[in-house]
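Novice: here is the input, now give the coordinates:
(chains A, B, C and D)
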Protein chains: 2
Amino acid sequence: MTDQPVPTTAAGEATTARGEQTRQLILETAMRLFRERGYARTTMRAIAQEAGVAVGNAYYYFGSKERLIQEFYNRTQREHLAAARPVLDRESDFAARLAGVLHAAIDVLTPSHDFAASFFKVAAEPSSPLSPFSPESAGPRQASIDLFAEVLTGSTAKVDPELRPHLPELLWLAYMGTVLYWVYDRSPGQARTRTLINGAVPLIDRLVTLSRLRVLRPVTRQIIDLVRALRH
Amino acid sequence: MTDQPVPTTAAGEATTARGEQTRQLILETAMRLFRERGYARTTMRAIAQEAGVAVGNAYYYFGSKERLIQEFYNRTQREHLAAARPVLDRESDFAARLAGVLHAAIDVLTPSHDFAASFFKVAAEPSSPLSPFSPESAGPRQASIDLFAEVLTGSTAKVDPELRPHLPELLWLAYMGTVLYWVYDRSPGQARTRTLINGAVPLIDRLVTLSRLRVLRPVTRQIIDLVRALRH
DNA sequence: GTCGATATTTGAACACGTTCAAGTTGGGGG
DNA sequence: CCCCCAACTTGAACGTGTTCAAATATCGAC
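Specialist: Modelled structure (predicted):
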C-alpha cells in the first residue's frame, strides 16, 4: 500500500579526483539545462550527452533525476544563509531582520523561479526525502530554524517568555508559507511576494509585541498549547 | 522555458450511452486499483486490462493518468459538500459550524489517505490545472469558499464588518492548511489533524471575536489591507 | 436496408527514467 | 615492471506514460 518505489539507495559520492571531476561536470551540465529548458524537458540522456558521459554514469553519481534537484536545494540553502549574514550583522530591529532574511531568500531563489516550480512538485511529495518535513531534511531544516532563532536573539524585540522558545519554528513556518506563495506567484518578477513580505513582517512584528498584552495573554497561551500538542 | 508539456487537450466527455458506460467502467477500475496498489504502482496498462479495454481507450476518456486524479478530486469535493450539509443545518454556533465542516472534510478524505499523498503531489505543481489556485479550479474553489461563507452567515458570530467579506476566503485558506497538514500527518488515523482542528477552531473563533476590540482594530485593518494588496 | 458521418476502440510505436551485467582505468603492493 | 582490485564507465534493455493512424461500431437520413 505504500506508494512510490523507494528512491534508489544512498550516497554516490565520488572517492577519487577523477570521479569528483565527473560528478561536478554532470551537476553543472544538469543545472544549466534545467535553467535553459526546465526540469521536465531536460532528459537524463540530454544531460549525459551534453556532459559527454554515458547515461549510466550520471546514475552512478546521482541515483535519480530527483537527486539532482536535491543538489539544487542544498546549494540554495547555503546561498540563503550567506545572503542573510550581512543583514543579521547590520540590523538590530526585529522587523528589519526578519524582512531582510525573507527578502534574501527570495533574492537567492528568483533566478530559478521557472524551474523551481518543478522542484517544488517533487518536494511536495510527503514520502519524498526532499520534503521540508521529512527526516532526511532534518539537518537543513534545523539550520533554517536556527537562522530564525538568530533573527530573534539578535534583535531588541521584547517577547512573551512563554512564546519565545516556539517563535523560531513559527517564523520558519511563515518562511515556508512565503516560499509556497512565491512558487505560485505569477506576477512579473514575483513582485507580489515582495508585497506579501513587506505586509506580513510588520504584522508579525506587531503581533509579537502585542502578545505580552493582558487581553491577549489567553490567546497567546492557546497558541502555545496548540503548538505543544502538535509537537507530540 | 515554460515547463511540463501541456496536458493534452480538453474534455473527453462521452456523448453516447455506450461511451458513458465505458468511461464509468474505466474510472471505477482505476479508483479501485489506486486504492489497492497506490497511484504510482498502478499502470495505465493494468487499468485498461482490468477494465477489459485497450490502453488507448482509457486515454480517449481521460487524457492522462493525472486526469483520473482530477476525477477523484471532484468526487471528494462533492462528498464534502454533502457531508457538511447536516452540520450547517443543525448548528448555529460559529465554532461548531467551522469544526463540523473541517472534520467532515477529513472524514471524507480519511479512507484515501495513503494514495491521496500522490494526488497531492500532482496538485502541488503550480502549472497543474489540479492546483487549488489554478484558473481551472476556480469553480470548485469558489464552491468551497461559498461553503465557508455559509459557515459564517448561518452563524450567530459577530464579526468586524470590514473583516467579514474577507473571512470566507481566509477560512478557506485555513482549510487548505488543514488539508496540507493532513497529507503530511503520519499519526495513526491522522489523529494529529483532529487535534489541529480542535485546537485551531477555538483559536480562530476567539480571534474573530477579538477583531472588534479597540486595541486590535489596527491589526485587523493591517490584515485587511494586506489581503487587499495581494488580491490585485 | 444502405450510406455517410461521427463516436468509439484498438494496439503498435515512441520517448523517457532507470537498471545492470560487462567492460575499462588507475594506482598501490609485490 | 606487472598484477589486482576498487572505482568508475558504458550502453543495451526494461517498464511506463502517451500518441496516433487505422479499424470498427452506431445512428439518423434517405
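
Novice: please save the CA atoms from the lowest-mean-pLDDT helix or strand in chain A in PDB.
Specialist: Scoring the helices and strands of chain A by mean pLDDT, DSSP states H and E places helix A:113-124 at the bottom, with a mean of 83. Extracted in PDB, the C-alpha atoms of helix A:113-124 (Å, rounded to 0.1, in the frame of the first residue of the first chain):
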ATOM      1  CA  HIS A 113      11.700  30.600 -10.300                       C
ATOM      2  CA  ASP A 114      10.700  28.900 -13.500                       C
ATOM      3  CA  PHE A 115      12.200  25.500 -12.800                       C
ATOM      4  CA  ALA A 116      11.800  25.800  -9.000                       C
ATOM      5  CA  ALA A 117       8.200  25.000  -9.600                       C
ATOM      6  CA  SER A 118       9.100  21.500 -10.700                       C
ATOM      7  CA  PHE A 119      11.500  21.200  -7.900                       C
ATOM      8  CA  PHE A 120       8.600  22.100  -5.600                       C
ATOM      9  CA  LYS A 121       6.400  19.400  -7.100                       C
ATOM     10  CA  VAL A 122       8.900  16.800  -6.000                       C
ATOM     11  CA  ALA A 123       9.400  18.300  -2.600                       C
ATOM     12  CA  ALA A 124       5.700  18.300  -2.000                       C
END
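
Novice: can you tell me the SS state at A:Leu213?
Specialist: Secondary structure, DSSP: H, G, I helix; E, B strand; the rest coil: A:Leu213 is coil.

Novice: same check, this time on A:Ile197
Specialist: A:Ile197 - assigned by three-state DSSP - is helix.

Novice: what's the single longest helix in chain A?
Specialist: helix A:65-90 (DSSP state H).

Novice: and the helix or strand just after that one with helix A:65-90, angle?
Specialist: Sequence-wise, the next helix or strand downstream of helix A:65-90 (DSSP states H and E) is helix A:94-109. Here helix A:94-109 runs at 150 degrees with respect to helix A:65-90, directions being taken by axes from the mean of the first three to the mean of the last three Cα atoms, to 10 degrees.

Novice: any low-confidence regions in chain A?
Specialist: A:1-11 (pLDDT under 70).

Novice: how much space between the residue minimising distance to the centre of it and B:Leu147?
Specialist: Nearest residue to the geometric centre of chain A (Cα atoms, centre = their mean): A:Gln77, 6.1 Å. Noted for A:Gln77: a distance of 38 Å to B:Leu147, by Cβ to Cβ, to the nearest Å. For the C-beta atoms, the positions are set from N, CA and C on the backbone; glycine is no exception.

Novice: which outside residues touch whichever strand or helix holds A:Gly177?
Specialist: Using DSSP H and E, A:Gly177 sits within helix A:167-184. By Cβ atoms under 8 Å, 6 or more residues apart in numbering or on different chains, the surrounding residues in contact with helix A:167-184 are A:98, A:101-102, A:105-106, A:109, A:113, A:116-117, A:120, A:132, A:141, A:144-146, A:148-149, A:151-152, A:159, A:190, A:192-193, A:196-197, A:200, A:204, A:208, A:227, B:126, B:131, B:133.

Novice: returning to what we had before: close to DNA strand C, is the longest helix of chain A?
Specialist: Yes. Contact of helix A:65-90 with DNA strand C (Cβ under 7 Å from any atom of the strand) involves A:65-66.

Novice: any idea of the angle that helix forms with helix A:113-124?
Specialist: 110 degrees.

Novice: in stretch A:109-128, what's buried?
Specialist: A:109, A:112-113, A:115-128 (16 or more other Cβ atoms under 10 Å in any protein chain shown).

Novice: now do that stretch: distance to the chain's middle.
Specialist: With Cα atoms, centre = their mean, to the nearest Å as the basis, the distance from the averaged C-alpha position of stretch A:109-128 to the chain average is 10 Å.

Novice: do stretch A:27-38 as well
Specialist: 20 Å.

Novice: how about the residues of chain A near DNA strand D?
Specialist: Contact residues, chain A versus DNA strand D (Cβ under 7 Å from any atom of the strand): A:14-16, A:18-20, A:22, A:53-57, A:59-61.

Novice: if any of those are buried, give me the PyMOL selection for them.
Specialist: Selecting the buried subset of these in PyMOL, with 16+ other Cβ under 10 Å as the burial test, is done by:
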select buried, chain A and resi 22+53+57+59+61
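
Novice: so which of the residues of chain A next to DNA strand D belong to strands?
Specialist: With DSSP state E as the criterion, strands contain none of the residues of chain A next to DNA strand D.
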